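> quick one: sequence and predicted model below, then my questions.
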Amino acid sequence: MKGIFVLSLLFSSFLVYGQTCDKLLITDFSQQDCVNRHREDITYYYWINEDECLPFCQAYTFQGPARTMCPCPPAYACEKRCSGTGSCMAYHANTSDFTYNKFTALKFKPACNVDGLWNAKQCKGGVSGRCFCFDARGNRLFGQATYLESQDMTCACSRRKADLEASGRPYVSFHCDSMGNYEKLQCDSGLCWCAEPKTGELTAPIVPEKAMIKLPCCKNIFVK
């Protein structure tokens, strides 16, 4: 953990978490360092020691007996349970009676990213259940698969399409498969290209729609 401390206002990203510190923290220590420590029963969140203005990883336990102290995720007040309803982490914290067991999941616990938003792929019902696609706010999107068939499921296409539509674009013609991944052949606004199914990254140059037959991903597709 490296840091240089300079008198100033607190870094704006720390203000989001409702913390105060009379110094500016410059460090390469980040939320990702805490994410890398995640275990099946404990998640770690980036936090600031206000007295020393030092970052550290705060543990948040998913299971176990009722706690007298509620180590809430950043930005949530502690009473019997963590408060707040506007993010993935608030939803996660408010189902505190959940006991994690991938075979007999009692309640759905959403998987959250480092920003507290919903991961694109969410699974319910343990190994006998299903996985679905969601947007960043927890709304269902196109795409689903059984848990056992979801290893390569990313929902990247469904999430990207939803993000573009939410930004104000009226029509997005991305082609998503049944799991919310990208189909290999993509066309939009008169242009076509080949995409890597799990990420959407280009695997061939972009060409005009009339020339799509020349794309390698189009060889096994009948085109009139």
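Now that the structure is in, tell me what you want to look at.

> average pLDDT for the helix or strand harbouring residue 141?
Using DSSP states H and E, residue 141 falls within strand 140-146. Mean pLDDT, computed over strand 140-146, is 95.

> contacts for whichever helix or strand comes after it?
Where DSSP H and E defines the elements, the next helix or strand beyond strand 140-146 is helix 156-166. With contact meaning CB atoms under 8 Å, 6 or more residues apart in numbering, helix 156-166 is reached by 120, 133, 135-136, 139, 141-143, 172, 174-177, 180-183, 198-200. For the C-beta atoms, the positions are set from N, CA and C on the backbone; glycine is no exception.

> those in strands, which ones?
Using DSSP state E, the subset of the contacts of helix 156-166 located in strands is 133, 141-143.

> can you pick the most crowded of these?
Of all those, the most densely surrounded is residue 133 (27 neighbours; neighbours counted as other CB atoms under 10 Å).

> on contacts alone, who are the packing partners of the strand holding residue 141?
strand 130-134, helix 156-166 (3 or more CB pairs under 8 Å, 6 or more residues apart in numbering; DSSP states H and E).

> let's have the ones you listed in a markdown table, adding distance to residue 34 and mean pLDDT.
Output for those, formatted as a markdown table (distance: least, CB to CB, whole Å; pLDDT from 0 to 100):
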| stretch | distance to residue 34 | mean pLDDT |
| --- | --- | --- |
| strand 130-134 | 23 | 92 |
| helix 156-166 | 24 | 93 |
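
> okay, the ones you listed, which one's buried deepest?
Of all those, strand 130-134 has the most neighbours on average by mean count of other CB atoms under 10 Å, namely a mean of 22.

> that one to helix 156-166, inter-axis angle?
Orientation of strand 130-134 against helix 156-166 (axes from the mean of the first three to the mean of the last three CA atoms, to 10 degrees) gives an angle of 30 degrees.

> no further questions, thank you.
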